[in-house]
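Asker: how would this look folded up:
(4 chains, ligands or ions: 4)
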There are 2 protein chains.
Amino acid sequence: MEAIKQRYSKQRETILEVVQSTLVHPNADWIYKETRKRIPNISLGTVYRNLNQLVETGRIIKLKDESMVRYDGNIGHHDHFRCAVCGKWYDVEMIDQAIIKSFAEKHDFQVESFHLELEGTCKSCLNS
Amino acid sequence: MEAIKQRYSKQRETILEVVQSTLVHPNADWIYKETRKRIPNISLGTVYRNLNQLVETGRIIKLKDESMVRYDGNIGHHDHFRCAVCGKWYDVEMIDQAIIKSFAEKHDFQVESFHLELEGTCKSCLNS
DNA sequence: CAAGCTAATAGTAATAGTTACTATTAACTC
DNA sequence: GAGTTAATAGTAACTATTACTATTAGCTTG
Ligand SMILES: [Mn+2]
Ligand SMILES: [Mn+2]
Ligand SMILES: [Zn+2]
Ligand SMILES: [Zn+2]
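Answerer: Ligands and ions are numbered 1, 2, ... in the order given. Model (predicted):
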C-alpha cells in the first residue's frame, strides 16, 4: 500500500486559509464565494473536493447542520452551541476527556471522538 | 392566533408506530419502506410531511447523520454512539442536566437542549 | 346523519447540496 | 526538459428533501 502523494495547489491552500480565517463555521457555499475573491475562476467542485481532503487529513473539522455541512478551522477539541433563532454556531468548552474515558471503561465501544452540541437562543437573539 | 387543528390520519399513526417499534434510528426511506408493508400506497411525501410534524409536536426526535436525517422514537433524553465502520447508532446515557446547568450559569446562552455524540468502532465491528 | 370546511393524501415536479465525469493544466520526479 | 499523473474548471448527474396540485376524508355543525 503506497502512501498517496498530495501535491501542492494554490486552490487548496487558499481554501484552508479561508476556513482558518473565520469563526463563523462556514458552509461550502460561503467558502466558495470567499475563495473566489482571491481565485476568481475557482470551481465549486474544487472547493468540495478540497474540503473533503482537508477533513480527511485532519486539517479542518466537519460539522453537521440542519441541511448542510459546515467546516471549522479550529481543530482543537471543543463543543458547540447552535442558536435556533439565528442559526449561528458558537464555540464552547464543556466536555473533558475524563468523562469520556470513564464511559469507555464501562462499555464495549472504542470511542475515537465525541462532540457535545448545545442548542438554544444566543445572547444577541435574546436581546431583540 | 388559532391553534392548528391536527386531524387523525392512519398514515401518521402508522409512521409513529414504525418509528417507535425499532432501535435502529431509521432514516426516512427505511420508514417509508416499513410503512408501505402496512399501507402499500402511502407516498414518500406523506412520510416526510408526517415525520416533520411528529418532530414538531415532540413525539419523535430528529438526528443528523452524515448525509441524511434519522429519527428516534425514544424521546427521553439520551446520547448516541455512532459506529464509523458500520454506521449503526446506539443509545447511551452520559450527560446529566447538572453539567448543562452549570454551563448555563457561566454563559450568555439560553440552553434549550443538548446532545452528546460519540463516534468510534462498535463491539461487533471490533470483533471482525 | 348529511353538508360544508379544510387538513391530509397520492403522485409528481422541483430544489439544493453534493458528487461524478472529462478534457486540460500543472506539480513533482528523474 | 520530458514524462507522469494529481488537480483543476466546467458541467452533468445524483439524492435527500420539499413544493405543488387535484382528490380524499376527518371533524364540526345544524
Ligand atoms: Mn468551532
Ligand atoms: Mn436514540
Ligand atoms: Zn441567535
Ligand atoms: Zn459497527
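
Asker: following the chain onward from the least confident helix or strand in chain A by mean pLDDT, which element is next?
Answerer: One helix or strand of chain A scores below all others by mean pLDDT, DSSP states H and E: helix A:97-106, with a mean of 73. With elements assigned by DSSP states H and E, the helix or strand that comes after helix A:97-106 is strand A:110-121.

Asker: hey, C-alpha coordinates of that following strand in PDB?
Answerer: Extracted C-alpha coordinates of strand A:110-121, given in PDB (Å, rounded to 0.1, in the frame of the first residue of the first chain):
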ATOM      1  CA  GLN A 110     -14.000   2.100  21.200                       C
ATOM      2  CA  VAL A 111     -14.500   5.900  21.300                       C
ATOM      3  CA  GLU A 112     -12.400   7.800  18.800                       C
ATOM      4  CA  SER A 113     -14.100  11.200  19.100                       C
ATOM      5  CA  PHE A 114     -17.000  13.000  20.700                       C
ATOM      6  CA  HIS A 115     -18.900  16.200  20.400                       C
ATOM      7  CA  LEU A 116     -21.400  17.900  22.600                       C
ATOM      8  CA  GLU A 117     -23.900  20.200  20.800                       C
ATOM      9  CA  LEU A 118     -26.000  22.600  22.700                       C
ATOM     10  CA  GLU A 119     -29.000  24.300  21.200                       C
ATOM     11  CA  GLY A 120     -31.000  27.300  22.300                       C
ATOM     12  CA  THR A 121     -31.100  31.100  22.000                       C
END
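
Asker: tell me if it is near ligand 1.
Answerer: No. Remark: strand A:110-121 sits outside contact range of ligand 1, by CB under 5 Å from the ion, the gap being at least 9.8 Å. Every residue, glycine included, has its C-beta placed from N, CA and C.

Asker: pull out the buried residues from that strand.
Answerer: Using 16 or more other CB atoms under 10 Å in any protein chain shown as the test for burial, strand A:110-121 gives A:110, A:111, A:114, A:115, A:116, A:117, A:118, A:119, A:120, A:121.

Asker: list the contacts of the least confident helix or strand of chain A.
Answerer: Applying CB atoms under 8 Å, 6 or more residues apart in numbering or on different chains, the contact partners of helix A:97-106 are A:110, A:111, A:114, B:92, B:94, B:118.

Asker: ditto for stretch A:35-47
Answerer: Stretch A:35-47 is touched from outside by A:10, A:11, A:14, A:15, A:18, A:28, A:29, A:31, A:32, with contacts defined as CB under 8 Å, 6+ apart.

Asker: let me know the closest of the residues you listed to ligand 3.
Answerer: If you rank the contacts of stretch A:35-47 by distance to ligand 3 using CB to the ion, residue A:29 comes first, at 20.3 Å.

Asker: run the angle between the least confident helix or strand of chain A and helix B:97-106 for me.
Answerer: If you take axes from the mean of the first three to the mean of the last three CA atoms, to 10 degrees, helix A:97-106 sits at 170 degrees to helix B:97-106.

Asker: angle of helix A:97-106 against strand B:110-121?
Answerer: Angle, helix A:97-106 to strand B:110-121, by the same axes, to 10 degrees: 50 degrees.

Asker: and chain A, which of its residues are near chain B?
Answerer: A:64-66, A:81, A:83-84, A:90, A:92, A:94-95, A:99-100, A:103, A:107-123, A:126 (CB under 8 Å from any CB of the partner chain).

Asker: quick check: the gap between the closest residue to residue A:69 other than its chain neighbours and DNA strand D.
Answerer: Nearest non-adjacent residue to residue A:69, counting by CB to CB, 6 or more residues apart in numbering or on different chains: residue A:62, 5.8 Å away. Between residue A:62 and DNA strand D the distance is 17 Å, computed by CB to the nearest atom of the strand, to the nearest Å.

Asker: beta partners for residue A:62?
Answerer: Assessed by DSSP bridges, residue A:62 has beta-bridge partners residue A:71.

Asker: right, and it touches residue A:56 too?
Answerer: No. With contacts defined as CB atoms under 8 Å, residue A:62 does not count as touching residue A:56, sitting 9.7 Å away.
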